[in-house]
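Q: no FASTA, just this:
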């Protein structure tokens, strides 16, 4: 249960950071914000938080204005913006680096999308993932993610979820073998196929 306990402690830290920075309140001023990814699934290993916000008319200037006061927070080390409208992501990307402790820097990745955006969205995975996860599959996912981190192997977590939930992969060695057959250059439309 240590794996699950560590993940829960990371989630509590993530929620503390979100509350301190009032990020959901800020994003909800211009759209509908969702905490997505590992934080939403209780599968946090890396110090990362992901947010997707959906707006009727996404405006990067407006988004930067609601985030600008964060520059006065001494724990905010970086606030970055990038326009990905002309890419398959089709949105605006914002990133915060936050110093939780002197040795622990959190990355907060935030996307601003149009409400009408087509393509894979992490928001749409939240209920599907939480309906598909069991205690055993959570442990397998967390074990693989922790071991990848120790080995400094960076791969999108969604592949770990797919490997464990759809292919019953339970160890890092088998996962890395499976990954050799995957095309990580393409955006994935994967959805968990098993339900509890």
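A: Received, thanks. Nothing here was measured: the structure is a model prediction, and the numbers come from that model. Residues are numbered from 1 along each chain as shown.
Q: quick one, helices of the protein?
A: 2-21, 23-28, 38-41, 60-67, 126-132, 135-150, 157-167, 172-179 (DSSP state H).
Q: Save those as CSV, and put in mean pLDDT, distance to residue 97 and mean neighbour count too.
A: (C-beta placed from N, C-alpha, C; glycine too.) Output for these, formatted as CSV (pLDDT from 0 to 100; distance: least, Cβ to Cβ, whole Å; neighbours: other Cβ atoms under 10 Å):
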stretch, mean pLDDT, distance to residue 97, mean neighbour count
helix 2-21, 97, 11, 15
helix 23-28, 98, 14, 17
helix 38-41, 97, 16, 23
helix 60-67, 97, 13, 15
helix 126-132, 94, 25, 16
helix 135-150, 97, 18, 18
helix 157-167, 96, 19, 20
helix 172-179, 97, 28, 16
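Q: okay, these in a markdown table with distance to residue 89 next?
A: As requested, the helices of the chain are arranged in a markdown table below (distance: least, Cβ to Cβ, whole Å):
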| stretch | distance to residue 89 |
| --- | --- |
| helix 2-21 | 22 |
| helix 23-28 | 17 |
| helix 38-41 | 19 |
| helix 60-67 | 14 |
| helix 126-132 | 19 |
| helix 135-150 | 23 |
| helix 157-167 | 14 |
| helix 172-179 | 22 |
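Q: Just tell me which of those helices ends up closest to residue 105.
A: Residue 105 lies closest to helix 2-21 among those, at 11.2 Å (Cβ to Cβ).
Q: That closest one: how far from the chain's middle?
A: Centroid separation between helix 2-21 and its chain, computed with Cα atoms, centre = their mean, to the nearest Å, is 13 Å.
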